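# this is the structure alone, sequence omitted:
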């Protein structure tokens, strides 16, 4: 857990005092990623760097796991915080192994232990230990270097990590890969992470919570979904962008919207019974045909069932697309747009049909947030209508 | 292909030139003359090397800590003025420094070593300072950020990354040093200057060359020596010479 208590930084410049961070109060629960987000010069980096005292706070306190860090000496504090910077900052004079093991060495681990740790970390970041440990940073690509940067920060297994735009200097394709790898690692490691970013999409993807900064103030601190659904003011709203409702699609799983109440036909059924089921359930367009393992193998369009006679097996058409229940809504919408359809069969990891998702259900789900919000607003302020 | 054959032609021309020079020097008795000076050359070379070694190592011992000191953030305010003072120090011709040194310390080895020390100090200090200042701020932040003390940061990160530039300074400085030692003869410190200046005074070009050629060779050898030390000492990751060899 990281807790900031009235953390303030005032820089003395020739033009007078500049308040870079003004009484920042926030708490990051253990095991969560908190993204500090905002335009440049908003104080997010200053706030981050006050935690490990790269920037000395003018006033206020930092608590890590309820311990006031001002009682710790600077080196001890920093050795127990993983630190990743945008410029990566690997030491070019050291091999990859020396770079990774530097913090364990500073902490006085014995040789066998930190050597083994280096191999373990390399496997964790999916780089072959034997191929890479003896190489120098200049012999690695940018993406590989930043993976090593992350490994170095994780080396002594610190409970807390600070990351200052860690993936900012990596090309978009590699960035997405590293972000995914990092999220996967975080699921196991459960570090408490403060992460500076200026990229709203990265923030939504990586963050359990997002803190929006402006001119040294913490404007809004909320989960990504709350932030996107209920931005606090026009600044947050404009910062999130006009397509913020679309961005919420990333945050919701198909599982949350899927309707499991549905009928299917089997290949042996006749088209007449298929038509009956279509009418009974009120399906406008088609019904899904499943095999014995309940995997969707085809669809029977209403038009076909109405005009033809025979078994479903003979008249089934190819399933245009299916979506996994663990995918996000963004993928579901994308598939619908790509295939010009308004509903999709949903499957689980074994490919078994487990429901369907419609455009209507999605808009309803996303809109629910706004409806409750409006209702609360009206309750709180009954005169709003006038 | 034309370049290859040109190279071959040059190689043959070079061999012919060496042969002609050798034959000529044998015929005119130059080699005999050189052999005549050989004991002198040996003795004076040792003296010459001693002067370089003592003044050079003193300069290294003082200049590197001085450069480190000037590069520390707490010294930022004084650093540039400090470097200016050293700069002014080098604009004074070495001969003048020798003269000043002689008027303070008399004649002999001590004033010579002092003057050589002063002449050698600046390139090393400047390169140490520039090298350390040139270490990327990101590296320094990373080093501090992972919990190195200022001393650990200096020894493990800043110095290794500045080492190549520091060695370049040492090379320049020692080349200057070896080339300046002959002047030390003028204030009675010996060295190969004895043959050079006596040769000039006696209008004996061969005697002069007997001092000048070994001096030039010493300078080249010292430079090569420092270069090979740098090759071995500077870590591979920040050593342009070795990185090229590995690429």
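Nice, thanks for sending it over. Remember, it's a predicted structure, so these values are computed and weren't measured experimentally.
# these two touch, right, residue A:204 and residue A:252?
No: the criterion here is C-beta atoms under 8 Å, and residue A:204 misses it with residue A:252 at 11.4 Å. Just so you know, the C-beta spots here come from the backbone N, C-alpha and C atoms, and that holds for glycine as well.
# when these two are compared, which one has more neighbours?
residue A:204 (22 against 17; other C-beta atoms under 10 Å in any protein chain shown).
# phi, psi for the nearest residue to the more buried one once chain neighbours are set aside please.
Of all residues not flanking residue A:204 in the chain, residue A:224 sits nearest, at 4.7 Å (C-beta to C-beta, 6 or more residues apart in numbering or on different chains). The phi/psi pair for residue A:224 (degrees, to the nearest 10) reads phi -50, psi -40.
# and the nearest residue to residue A:245 once chain neighbours are set aside, what element?
Distances taken as C-beta to C-beta, 6+ apart place residue A:366 nearest to residue A:245, at 6.6 Å, with adjacent residues excluded. According to DSSP states H and E, residue A:366 maps onto helix A:359-380.
# residue of chain B with the smallest distance to chain A?
With C-beta to the nearest C-beta, the shortest gap between chain B and chain A falls at residue B:142, namely 2.8 Å.
# return the distance of residue A:226 relative to residue B:21.
In this view, residue A:226 and residue B:21 are 89 Å apart by C-beta to C-beta, to the nearest Å.
# comparing those two, which shows the higher neighbour count?
More crowded of residue A:226 and residue B:21, by other C-beta under 10 Å: residue A:226, with 16 against 11.
# for that one, which three-state class applies?
Three-state call for residue A:226 (DSSP: H, G, I helix; E, B strand; the rest coil): helix.
# for it, give its distance to residue A:244.
In terms of C-beta to C-beta, residue A:226 sits 12 Å off from residue A:244.
# next: residue B:207.
Distance, residue B:207 to residue A:244, by C-beta to C-beta: 90 Å.
# more crowded one of the two?
Just comparing residue B:207 and residue A:244: by other C-beta under 10 Å the higher neighbour count belongs to residue B:207, 23 against 18.
# in the helix or strand that one falls within, what's buried?
If you go by DSSP H and E, residue B:207 is part of helix B:205-233. The neighbour-count criterion (16 or more other C-beta atoms under 10 Å in any protein chain shown) identifies B:206-212, B:214-215, B:218-219, B:222, B:226, B:230 as the buried residues of helix B:205-233.
# what's the answer for stretch A:149-161, then?
For stretch A:149-161, by 16+ other C-beta under 10 Å, it's A:149-156, A:158-161.
# closest one of the residues you listed to residue B:189?
Closest to residue B:189 out of the buried residues of stretch A:149-161 is residue A:152 (53.4 Å), distances taken as C-beta to C-beta.
# contacting residues for the closest one?
A:84, A:90, A:99-100, A:102-103, B:146 (C-beta atoms under 8 Å, 6 or more residues apart in numbering or on different chains).
# same check, this time on residue A:164
Contact analysis of residue A:164 by C-beta under 8 Å, 6+ apart lists A:45, A:48-49, A:83-86, A:196.
# how about residue A:69: what's its closest non-neighbour residue?
Spatially, and ignoring its direct neighbours in sequence, residue A:69 is nearest to residue A:62 (4.7 Å; C-beta to C-beta, 6+ apart).
# in chain B, where is pLDDT below threshold?
B:1-5, B:243-247 (pLDDT under 70).
# minimum distance to chain B, which residue of chain A gives it?
Minimum separation of chain A from chain B (C-beta to the nearest C-beta) falls at residue A:89, amounting to 2.8 Å.
# which SS state does that residue fall under?
Here residue A:89 takes the coil state, with states given by three-state DSSP.
# quick one, phi psi at it?
Torsion angles, degrees, to the nearest 10, at residue A:89: phi 70, psi 30.
# tell me how many other residues crowd it.
Counted with other C-beta under 10 Å, residue A:89 comes out at 26.
# just the element for the residue most central in space within chain B, please.
By C-alpha atoms, centre = their mean, chain B has its centre lying nearest to residue B:174, at 1.5 Å. Per DSSP H and E, residue B:174 falls inside helix B:159-184.
# check which helices and strands that helix is in contact with.
helix B:30-71, helix B:94-105, helix B:109-133, helix B:193-201, helix B:205-233 (3 or more C-beta pairs under 8 Å, 6 or more residues apart in numbering or on different chains; DSSP states H and E).
# highest mean neighbour count out of these?
Mean neighbour count (mean count of other C-beta atoms under 10 Å in any protein chain shown) peaks for helix B:109-133 among the helices and strands packed on helix B:159-184, with a mean of 23.
# now check it, is it near chain A?
No: Helix B:109-133 is not in contact with chain A by C-beta under 8 Å from any C-beta of the partner chain; minimum separation 12.4 Å.
# past that helix, which element shows up next along the chain?
With secondary structure assigned by DSSP H and E, helix B:109-133 is succeeded by helix B:137-145.
# against which helices or strands is that following helix packed?
Using 3+ C-beta pairs under 8 Å, 6+ apart: helix B:137-145 touches strand A:81-85, helix B:150-153.
# could I get the average pLDDT for the first one?
Strand A:81-85 shows an average pLDDT of 94 in the prediction.
# so it versus helix B:137-145, what angle?
Strand A:81-85 and helix B:137-145 are oriented at 180 degrees to each other (axes from the mean of the first three to the mean of the last three C-alpha atoms, to 10 degrees).
# now do the following helix or strand past strand A:81-85: everything it contacts.
Using DSSP H and E, the helix or strand that follows strand A:81-85 in sequence is helix A:96-100. Residues outside helix A:96-100 that contact it (C-beta under 8 Å, 6+ apart) are A:90-91, A:115, A:117-118, A:121-122, A:132-137, A:140, A:148, A:151-152, A:155.
# now the stretch 151-300 of chain A, which segments are flagged as low pLDDT?
For the stretch 151-300 of chain A, no stretch is flagged by pLDDT under 70.
# what does it put close to chain B?
Contact residues (C-beta under 8 Å from any C-beta) of the stretch 151-300 of chain A with chain B: A:152-153.
# got the contact list for the nearest residue to residue B:239 once chain neighbours are set aside?
Residue nearest to residue B:239 in three dimensions, not counting chain neighbours: residue B:164, with 6.2 Å by C-beta to C-beta, 6+ apart. Residues counted as contacts of residue B:164 (C-beta under 8 Å, 6+ apart) are B:131, B:230, B:234, B:238-240.
# just name the closest of these to residue B:56, please.
Residue B:56 lies nearest to residue B:230 out of the contacts of residue B:164, by C-beta to C-beta, at 14.9 Å.
# is it true that residue B:55 touches residue B:116?
Yes: the pair residue B:55 / residue B:116 is scored as a contact, 3.6 Å apart, by C-beta under 8 Å.
# between those two, which contacts overlap?
Shared contacts of residue B:55 and residue B:116, counting by C-beta under 8 Å, 6+ apart, come down to residue B:177.
# sorry, back to before: and the contacts of residue A:152, which is closest to residue B:6?
Of all the contacts of residue A:152, residue B:6 sits closest to residue A:90, with 45.0 Å by C-beta to C-beta.
# can you read off the backbone torsions of that closest one?
phi -70, psi 150.
# number of residues surrounding the nearest residue to it once chain neighbours are set aside?
Nearest residue to residue A:90 in three dimensions, chain neighbours excluded: residue A:137, at 4.0 Å (C-beta to C-beta, 6+ apart). When counting by other C-beta under 10 Å, one arrives at 21 neighbours for residue A:137.
# hang on, isn't residue A:137 packed against residue B:237?
Yes: the criterion here is C-beta under 8 Å, and residue A:137 meets it with residue B:237 at 6.5 Å.
# list residues touching both of the two?
A:92, A:94.
# who's sitting farthest from the centroid in chain A?
Largest separation from the mean C-alpha position in chain A: residue A:309, at 49.9 Å (C-alpha atoms, centre = their mean).
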